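**Student:** coordinates only, sequence not included:
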């Protein structure tokens, strides 16, 4: 449906480099990346608001690289929704129909249909400044869908809303997409959001698309250290690997601190693992001598809602998250000596240098 | 500071009252000459404001939206009418009509020098730069997002401007027009050079004041001054109310 090839866009210091992506008909694609990595620029290029320096944009097989935005039929919902303040909700939703001179009856029907679908029927006569953030978002969506777009572009659609509101709207958005099947590109910096919404996602980093894949793939096999950090792997270390017994290797993350990992690795690498995968046990019941056990001292304790996060200094600081259900008896204390165990299957190894050097 | 300034302005107005008494004021304001000057002022200021807006809206929009080379040069040139004294602009206009294209216009088009169109031209020249400045800041305040989103929803560039941006800039446009009009009402320097100060012919209100001062008729001059103050205040208030009495969410 949407295909961009070798896109290069420049604006000031920001730039998209060698950007290639293909999104299929009806897909819900999330583009994930930190603020300032060029996500919005990509969206604006697809919408036709920014001309690429190089590369092409295809929509349904048609080269639209030089097509004016109003002829692309690509809807764009910006972060702040940009409702037209001088029009009512009804006027906003009807605007795309009216500008295309659709018959008034058809326009009214369409507005009503969308308003019902998005539960904003009672708001139709209000003006945007009288709406809450969540209501504005729905109105902006309704307006973007009034004339069924070839691609729907959502730029951080939930970032202006609070957490509870987000949690309520995410599944709603998903079911809306399942009903309408509009090809959607959703840009966000929130991994949870992307994981919940997307059928496939791409991770951006400084103007490049570094990894594209299913949520599971990106979550469990991040291709670069920064993707690993982005999907919430809190433990990231440069290391030196050497092959050990068949099918496993040893990586040294600090002098004398070696982890067992799966697969054949050698030379400088990066290792990453989730804090939830780190098991902590009191000194006394440590299986001393085991290769994957490391003794250290607790240097920080951060209580969270459903878990406690501790940092253990085993030579390098290792973050561990312990579910509250496991620590009912004894809260970890600062200075306590404990043993950390990191299972081999939890440790993820990526090449240290050029991110493109290693296949996903 | 604001209070002190208001006292200063009020004091100025009151001192004008000192030189007038009610009877002569009323009588004089009804005389033919003053009525003529008032009508001429209102008419010329309105026409020149309309012309200035017609030029300023597209010019200000272009200045505000588009990035191009030599933008700062264009910006500076547009400031010229603002920094030059109006009387100098008047001289420039007069000089233009002494050149062959200027003479051609005079002979085959409209006669400007010492005629009513000259007043409009002089006012237009002085106030248009001002109008561009005011409107540019209005468009600067208007996020380009509105146009962008409108374009993706199927609006052409012109439709987005006409149906989205112009209505959103409405209050700024009205305010700009009112201020431009007020300046045109008070324009004197360029007018006196281009159109001259001919009683009952090119006699707009500021010229009337000048003529009275020249013939040492202080009381009559004061009467016209007060009239000008009253007219300007009334116009400003009316327009402000017009602008504020308006739908929600408009900038």
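**Tutor:** Structure's in. What do you need? Everything quoted here is computed from the prediction, not taken from an experiment. Numbering: from 1, shown residues only, chains lettered A, B, ... in the order given.

**Student:** does the nearest residue to residue A:55 once chain neighbours are set aside sit in a helix, a strand or a coil?
**Tutor:** Using CB to CB, 6 or more residues apart in numbering or on different chains and skipping residues adjacent in sequence, the residue nearest residue A:55 is residue A:7, 3.6 Å away. For every residue, glycine as well, the C-beta is placed using N, CA and C. For residue A:7, the assignment made with DSSP: H, G, I helix; E, B strand; the rest coil gives strand.

**Student:** Any stretches of the stretch 251-360 of chain A with poor pLDDT?
**Tutor:** Along the stretch 251-360 of chain A, the model assigns pLDDT under 70 to residues A:283-292, A:328-329, A:352-360.

**Student:** hmm, try it at 90
**Tutor:** Within the stretch 251-360 of chain A, the segments meeting pLDDT under 90 span A:251-309, A:313-317, A:320-360.

**Student:** Helices of the stretch 1-150 of chain A, start to end?
**Tutor:** Secondary structure of the stretch 1-150 of chain A (DSSP state H, counting those that start in this stretch): helices at A:39-47, A:89-99, A:104-117, A:133-145.

**Student:** Select, out of these, the one closest to residue B:154.
**Tutor:** Closest to residue B:154 of the helices of the stretch 1-150 of chain A is helix A:89-99 (CB to CB; 4.8 Å).

**Student:** returning to that earlier point: give me the pLDDT value at the residue nearest to residue A:55.
**Tutor:** Residue A:7 carries a pLDDT value of 84.

**Student:** In terms of helices and strands, where is residue A:280?
**Tutor:** strand A:279-282 (DSSP states H and E).

**Student:** Could you point out the helix or strand that follows that strand?
**Tutor:** Defined by DSSP H and E, the subsequent element after strand A:279-282 is strand A:293-303.

**Student:** What is the following helix or strand past that next one packed up against?
**Tutor:** Counting by DSSP H and E, the next helix or strand C-terminal to strand A:293-303 is strand A:307-313. Applying 3 or more CB pairs under 8 Å, 6 or more residues apart in numbering or on different chains; DSSP states H and E, we find strand A:307-313 packed against strand A:293-303, strand A:317-323.

**Student:** Among those strands, show me which one is buried the most.
**Tutor:** strand A:317-323 (a mean of 19; mean count of other CB atoms under 10 Å in any protein chain shown).

**Student:** Give me the residues contacting that strand.
**Tutor:** Strand A:317-323 is contacted from outside by A:234-235, A:274-276, A:278-280, A:294, A:296, A:299, A:304, A:306-312, A:332, A:340, A:342, using CB atoms under 8 Å, 6 or more residues apart in numbering or on different chains.

**Student:** Now a ChimeraX select for only the buried ones of these.
**Tutor:** Applying 16 or more other CB atoms under 10 Å in any protein chain shown to the contacts of strand A:317-323, the buried members can be selected in ChimeraX as follows:
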select /A:234,235,274,275,276,278,279,280,294,296,307,308,309,310,311,312,332,340,342
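
**Student:** pretty sure residue B:229 belongs to a strand, no?
**Tutor:** No - assessed with three-state DSSP, residue B:229 is helix; it does not lie in a strand.

**Student:** Counting neighbours, what do you get for it?
**Tutor:** 14 (other CB atoms under 10 Å in any protein chain shown).

**Student:** likewise the one 10 residues further on?
**Tutor:** Here the neighbour count serves as a burial measure; for residue B:239 (other CB under 10 Å) it reads 17.

**Student:** That one: what's its closest spatial neighbour, skipping adjacent residues?
**Tutor:** Nearest one to residue B:239, counting by CB to CB, 6+ apart, is residue B:178 at 4.1 Å.

**Student:** Look up how far chain A lies from residue B:3.
**Tutor:** 34 Å (CB to the nearest CB, to the nearest Å).

**Student:** For the strand or helix carrying that residue, name the packing helices and strands.
**Tutor:** Secondary structure assigned from DSSP H and E places residue B:3 in helix B:2-18. Counting contacts by 3+ CB pairs under 8 Å, 6+ apart, helix B:2-18 packs against helix B:218-244.

**Student:** List the contacts of the residue nearest to residue A:55.
**Tutor:** By CB under 8 Å, 6+ apart, the neighbours of residue A:7 are A:16, A:18, A:19, A:20, A:42, A:45, A:52, A:54, A:55, A:56, A:57.
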